[in-house]
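> pasted the sequence and its predicted model underneath.
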Amino acid sequence: MAAAALRGLGAALETHRGRDRAVRALSYSLQLVGGALPGPGGLPGGLLAASAQLSSCRTVLRLFDDLAMLQHSCGYGLGPEDEDVLVRGLSVLCNVANQLYYPCEHLAWAADVGIVRAASQRWWTLSTVLWGSALLLGILRSLKVLCQLRRKLRQHKCSTSSPQSQKLRAQVKAEVLSILMDAADLSNAIHWLPPGFLWAGRFPPWQEIYESPFKGAIKRMPRWALQLQLQLQFWALPIINDTNQRWP
């Protein structure tokens, strides 16, 4: 059992997406522990600094994600003809939002480091809007797929131990995890938007923002969302290769 888990984790870390999730989980862990410890300096400050560095690392690595996302979008196209029309439409819109997200974030990052002269906050806001839109579309898509899977499971009631039934249950688990993760991210994406939209800026901060050159990399995150997202990250690691979701 332990050997199989180790092999699965190793295989996940060999992929770009798997490594990105591992870095994200580590960044959230350091942020959670550093924010919970008393005092801004010493060990808590070091943990928050490390979390900021890891978050900035993910921002820089996403500079190379555009072509991979474009290949994914072109490969999906308008979706397979045998797929549900609503699922196809939501998937296409989600791909478009994700595709537009990357150049907006790149411009915001380039403005922060001084490569281009632009108001970085405007581009960070636009990238957050696109990210939130992609998350909302992903949630709606997963809910629709989940309804379809549940209908199929009811049809396989008599053969719960069959390979087909087990495969359907694994897909249900993946979609539920996807919905929970996207919902946690969406709550934070809305919080990071300019004040006045829904609950934007209203989450009570539980730690000070660690200032880094990449101002858009670290933002305030409420403890409940951070704990939920962190736990879901570890739950999702074993099924990384079974999902088609992309988390900016």
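Noted; the coordinates are in hand. Numbers count the residues shown, from 1 in each chain.
> what about the strands in this structure?
Read by DSSP state E, the chain holds no strands at all.
> for it, what's the longest helix?
Of all the segments assigned as helix in the chain under DSSP state H, the longest by residue count is helix 120-155.
> report pLDDT for the residue lying closest to residue 202 once chain neighbours are set aside.
Across the structure, with Cβ to Cβ, 6 or more residues apart in numbering as the measure, the residue nearest residue 202 apart from its sequence neighbours is residue 191 (7.1 Å). C-beta here means a position set from N, CA and C on the backbone, and glycine is covered the same way. Among the per-residue scores, residue 191 holds a pLDDT of 81.
> surely residue 191 meets residue 197?
No: applying Cβ atoms under 8 Å, one finds residue 191 not in contact with residue 197, separated by 9.9 Å.
> tell me which of these two has more neighbours.
When residue 191 and residue 197 are compared for neighbours, residue 191 comes out ahead with 22 against 12, by other Cβ atoms under 10 Å.
> for residue 148, give me its contacts.
Contacts for residue 148 (Cβ atoms under 8 Å, 6 or more residues apart in numbering) come out as 84, 87.
> and it, how far from residue 171?
10 Å (Cβ to Cβ, to the nearest Å).
> same check on residue 38?
For residue 38, the distance to residue 171 equals 44 Å [Cβ to Cβ].
> then residue 150?
Look at residue 150 and residue 171: by Cβ to Cβ, they are 10 Å apart.
> what about these two, which has more around it?
Taking other Cβ under 10 Å, residue 150 and residue 171 do not tie; residue 171 has more neighbours (19 against 13).
> quick one, what contacts the residue nearest to the more buried one when sequence neighbours are not counted?
In space, not counting the residues next to it along the chain, residue 171 is nearest to residue 149; the distance is 5.5 Å by Cβ to Cβ, 6+ apart. If a contact means Cβ under 8 Å, 6+ apart, then residue 149 has 168, 171, 172, 175 as its contacts.
> in helices only, show me the residues you listed.
Among the contacts of residue 149, the subset assigned to helices under DSSP H consists of 168, 171, 172, 175.
> pLDDT score for residue 38?
At residue 38, the predicted lDDT confidence score is 78.
> what is the neighbour count of the residue nearest to it when sequence neighbours are not counted?
Computed as Cβ to Cβ, 6+ apart, the closest residue to residue 38 that is not its neighbour in sequence is residue 44, at 7.2 Å. Around residue 44 there are 19 other residues, counting by other Cβ under 10 Å.
> cheers, nothing more for now.
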